[in-house]
Every structure is written in structure tokens, then in C-alpha cells.
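In: whatever this is, show me its structure:
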Amino acid sequence: MKYYTKDRARITKEIWLKLRFDKKYSTIKEFENEKIRVVAEWYGAIDDNQSVTIGFGAPLFRVVVMNATDIGAGIQWVEDHSLSKGFEIEKEAIAHYESVVAKWTESYLEEVELDNGNVVEVLVEIGNKVAPEVPPDPRSVNVEAYSGNDAAGSW
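Out: Next up, the predicted model:
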């Protein structure tokens with residue numbers, strides 16, 4: 001096996017193992033609900049027998065899609081090989097992740113116009129149990145923290 005970082009730098013197996021188990025590094029995006037689990041991730045390992053090289057189709061990234069299946073002993077996650085794929089470029093993995101999530105969940109792609117006039121599609125995730133928490137907007141007013149004392153002034 002040959003091992004590479006996201007930036008295609010060659011690394012040792014020991015460094016690769018550390019990065020693979022570092023979820024902040026290896027997981028790019030993930031979605032999970034009661035029916036489907038979709039993960040876009042950096043994989044970074046290329047089999048020596050693969051006929052691809054870095055810059056020419058080496059799948060350093062992958063999207064793994066798993067379906068919830070009741071096999072009698074409770075729900076088990078089973079990989080959907082028809083939707084799981086490898087990608088050379090992170091951007092391609094993200095695009096596939098978004099298309100799978102939009103097609104197989106209640107999530108959807110929404111067109112958004114940027115300040116420069118370009119229109120891009122943005123995934124609006126609905127029902128994602130593993131979505132990262134959105135940090136509070138520092139410009140918003142914390143109503144719960146308001147004491148009701150207007151002695152210092154008012155708006």
C-alpha cells in the first residue's frame with residue numbers, strides 16, 4: 001500500500017493510521033438518519049496493485065453509503081455498493097455526497113446567488129442526526145442573559 005495526505009503528499013503507514021483515526025481530519029461530511037448513513041471522507045491509501053497513480057485517478061477520497069437493514073437482530077448498517085464510490089478530488093466526493101443526500105433523504109439542493117452574481121447549489125440538510133452544532137451568531141441578542149436592568153442605557 002501507498003499512503004497519501006489530502007494534499008497528495010506521500011506519508012508512512014504510521015502517520016496514515018493516525019490521520020485515519022482522527023475524525024476531524026478524515027471525515028469531510030456525514031449524514032445519518034433512521035434509514036441512511038452517508039460519509040464523505042479522506043481515505044488516502046492506494047493498493048500497490050491498482051493501475052492508477054496520484055494525479056491520474058487515484059481515489060484518495062470516498063463516499064460510503066450505508067442503508068439501515070433489519071436483519072432480525074435489530075438494525076444493521078449495510079453498505080450500498082451501487083452508491084459508494086472513490087474519488088481523486090475532494091470536491092468531487094463532496095458533490096457526490098450532496099447528490100446522494102439530496103436524492104435519498106428529505107434534504108434538498110437550493111440555488112443561492114452569491115454577491116458576485118454567480119449562482120451555486122447549497123445542500124440544505126434535513127434530519128441529520130450527526131450534523132455539527134451551529135455556533136451561536138455573536139451578533140444576536142441573548143434574550144435569556146438579559147437581566148431587565150436598563151440603567152446602563154437602552155437600544
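
In: this structure: strands as residue ranges?
Out: Assigned by DSSP state E, the strands in the chain fall at 2-4, 10-11, 27-32, 36-42, 45-46, 61-70, 75-79, 85-87, 108-113, 119-124.

In: single out the most deeply packed of these.
Out: The highest mean neighbour count among these belongs to strand 36-42 (a mean of 21), with neighbours defined as mean count of other C-beta atoms under 10 Å. C-betas here are computed from N, CA, C, even on glycine.

In: remind me what that strand packs against, helices and strands.
Out: Judged by 3 or more C-beta pairs under 8 Å, 6 or more residues apart in numbering; DSSP states H and E, the packing partners of strand 36-42 are helix 23-26, strand 27-32, strand 61-70, helix 90-104.

In: got the angle between it and strand 27-32?
Out: With axes from the mean of the first three to the mean of the last three C-alpha atoms, to 10 degrees applied, the angle from strand 36-42 to strand 27-32 works out at 180 degrees.

In: and the spatially most central residue of the chain, how far is that from residue 19?
Out: Centroid check for the chain by C-alpha atoms, centre = their mean gives residue 29 as the closest residue, at 0.7 Å. As for residue 29, its distance to residue 19 is 17 Å (criterion: C-beta to C-beta, to the nearest Å).

In: repeat that for residue 28.
Out: Relative to residue 19, residue 28 is positioned 13 Å away (C-beta to C-beta).

In: list residues touching both of those two?
Out: Overlap between the neighbourhoods of residue 28 and residue 19 consists of residue 42, taking contacts as C-beta atoms under 8 Å, 6 or more residues apart in numbering.

In: mean pLDDT and distance to residue 95 for the strands of the chain - can I get that in a markdown table?
Out: A markdown table is the format used below for these (pLDDT from 0 to 100; distance: least, C-beta to C-beta, whole Å):
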| stretch | mean pLDDT | distance to residue 95 |
| --- | --- | --- |
| strand 2-4 | 91 | 21 |
| strand 10-11 | 92 | 26 |
| strand 27-32 | 96 | 11 |
| strand 36-42 | 97 | 9 |
| strand 45-46 | 89 | 21 |
| strand 61-70 | 94 | 9 |
| strand 75-79 | 90 | 20 |
| strand 85-87 | 94 | 9 |
| strand 108-113 | 93 | 10 |
| strand 119-124 | 92 | 9 |
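
In: now the ones you listed as TSV including distance to residue 97?
Out: Conversion of the strands of the chain to TSV gives the following (distance: least, C-beta to C-beta, whole Å):
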stretch	distance to residue 97
strand 2-4	20
strand 10-11	24
strand 27-32	5
strand 36-42	4
strand 45-46	20
strand 61-70	5
strand 75-79	15
strand 85-87	10
strand 108-113	12
strand 119-124	8
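
In: cool, thanks, signing off.
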